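>>> okay, here's the prediction I keep looking at, along with the sequence it came from:
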Amino acid sequence: MAYNLKVEAKKPERFTGGHRMCAGCGAPVVVRTILRALKPEDHAVIGAATGCLEVSTFLYPYTAWKDSFIHSAFENAAATIAGAEAAYVALKRKGKLPEGDTKFIAFGGDGGTYDIGLQALSGAMERGHNMVYVCYDNGAYMNTGIQRSSATPRYADTTTSPVGSVIPGKKQPRKDLTMIMANHHLPYVAQTAPFGNFKDLHEKAQKALYTDGPCFLNVLAPCPRGWRYDTPKLMEICKLAVETCFWPLYEVIDGKYVINYKPKKKLPVEEYLKPQGRFRHLFKKGNEHLIAEIQEEVDRRWNELLVLAGEA
């Protein structure tokens, strides 16, 4: 069946309103869309690393999650869900569980995925657990005070990479975790974002959930506090990330790279940087070369992706 936003929006919510996530945050939008990709009859076991998503949606005795939910430590969401999946397989084999399908999903921010949780994530993926790991990438450790992570873009202003007269923000380029996971030779890896009518995000979530074996989704999830944009501009920020190719939409299916969206007219990266307060210093006189460096990096990564997809 072709994707239809009106039809999908009518599905019963698995992630309810009333949580304490910030207005304009990308994470709850990402979570709701991914969980809508589940078949109504399927049960899910969901784990979340400590972070904004967990602390704002599961304040005992209240929860925004309608499926089974496990709060893990910052670093081991992947290991926790992998363990739950292994137990489920063993119990099914012994005939101790009823018929039906249960999906195993882990959510973690970039701090708990790119950095602290990378070892657990890599191990779970290598062992071949039938699970989906979703990174909601907001580009810093937002829950603990907006500290830089390895997902933080170059020259972003954070509390641990502050802009000064000598160092203009984070000096290092962003780690490319999607490519790292693709090189784990998984059956399905994808990079996506809340973009347009959510078709790309929904379809990739559905593929990941219903592909046997370990799957990984890296999803852009802007943060209004850390990125410093007006809260209604969430979707605009996501669109600019895609249209500038700062955040390309692509998937890797059994090792084959597929680009899902190519802008008709690729915008300069400054269009993505401009609405964000964390990059405000780049637009001061004398900092033009810093924007040029970011543009060079974006172009290089985009061209590398075109080569991998056979579209260069």
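That came through, no problem.
>>> can you show me the helices along the stretch 51-200 of the chain?
With DSSP state H, counting those that start in this stretch as the definition, the stretch 51-200 of the chain shows helices at residue ranges 52-57, 77-93, 110, 118-127, 177-182, 199-209.
>>> among the ones you listed, which is the most enclosed?
Ranked by average neighbour count under the criterion mean count of other CB atoms under 10 Å, the helices of the stretch 51-200 of the chain are headed by helix 110 at a mean of 27. All C-beta atoms are positioned from the backbone trio N, CA, C, and that covers glycine.
>>> who touches that helix?
Counting by CB atoms under 8 Å, 6 or more residues apart in numbering, helix 110 makes contact with C135, Y136, D137, N138, G139, A140, S149, S150, A151, L177, all of which sit outside it.
>>> of these, just say which sits nearest to A193.
Distances from A193 to the contacts of helix 110, taken as CB to CB, are shortest for D137 (9.1 Å).
>>> how about that closest one: what's its closest non-neighbour residue?
With sequence-adjacent residues excluded and distances taken as CB to CB, 6 or more residues apart in numbering, D137 is closest to D110, at 4.7 Å.
>>> sorry, back to before: which of the helices of the stretch 51-200 of the chain sits closest to F279?
When the helices of the stretch 51-200 of the chain are compared for distance to F279 using CB to CB, the nearest one is helix 110, at 17.4 Å.
>>> for that closest one, what is the average pLDDT?
For helix 110, the mean pLDDT works out to 98.
>>> so which residues of the stretch 201-312 of the chain form helices?
For the stretch 201-312 of the chain, the helices identified by DSSP H, counting those that start in this stretch occupy 224-227, 234-243, 270-273, 288-308, in order along the chain.
>>> show me which of these has the highest average neighbour count.
With neighbours taken as mean count of other CB under 10 Å, these reach their highest mean count in helix 224-227, at a mean of 23.
>>> tell me which strands and helices that one is in contact with?
Contacting helix 224-227 under the criterion 3 or more CB pairs under 8 Å, 6 or more residues apart in numbering; DSSP states H and E is no other helix or strand.
>>> rewinding a little: distance to T16 added to the helices of the stretch 51-200 of the chain, as a markdown table?
Conversion of these to a markdown table gives the following (distance: least, CB to CB, whole Å):
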| stretch | distance to T16 |
| --- | --- |
| helix 52-57 | 9 |
| helix 77-93 | 21 |
| helix 110 | 25 |
| helix 118-127 | 27 |
| helix 177-182 | 29 |
| helix 199-209 | 18 |
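>>> which one of those lies nearest to P12?
Proximity to P12 (CB to CB) singles out helix 199-209 among the helices of the stretch 51-200 of the chain, at 15.7 Å.
>>> can you dump the C-alpha coordinates of the closest one into PDB?
This file holds the C-alpha atoms of helix 199-209, laid out as PDB (Å, rounded to 0.1, in the frame of the first residue of the first chain):
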ATOM      1  CA  LYS A 199       7.200   9.500   3.800                       C
ATOM      2  CA  ASP A 200      10.900   8.900   3.900                       C
ATOM      3  CA  LEU A 201      11.000   8.400   7.700                       C
ATOM      4  CA  HIS A 202       7.900   6.200   7.800                       C
ATOM      5  CA  GLU A 203       9.100   3.900   5.000                       C
ATOM      6  CA  LYS A 204      12.600   3.500   6.300                       C
ATOM      7  CA  ALA A 205      11.200   2.700   9.800                       C
ATOM      8  CA  GLN A 206       8.900   0.100   8.300                       C
ATOM      9  CA  LYS A 207      11.800  -1.500   6.400                       C
ATOM     10  CA  ALA A 208      14.000  -1.600   9.500                       C
ATOM     11  CA  LEU A 209      11.200  -3.100  11.700                       C
END
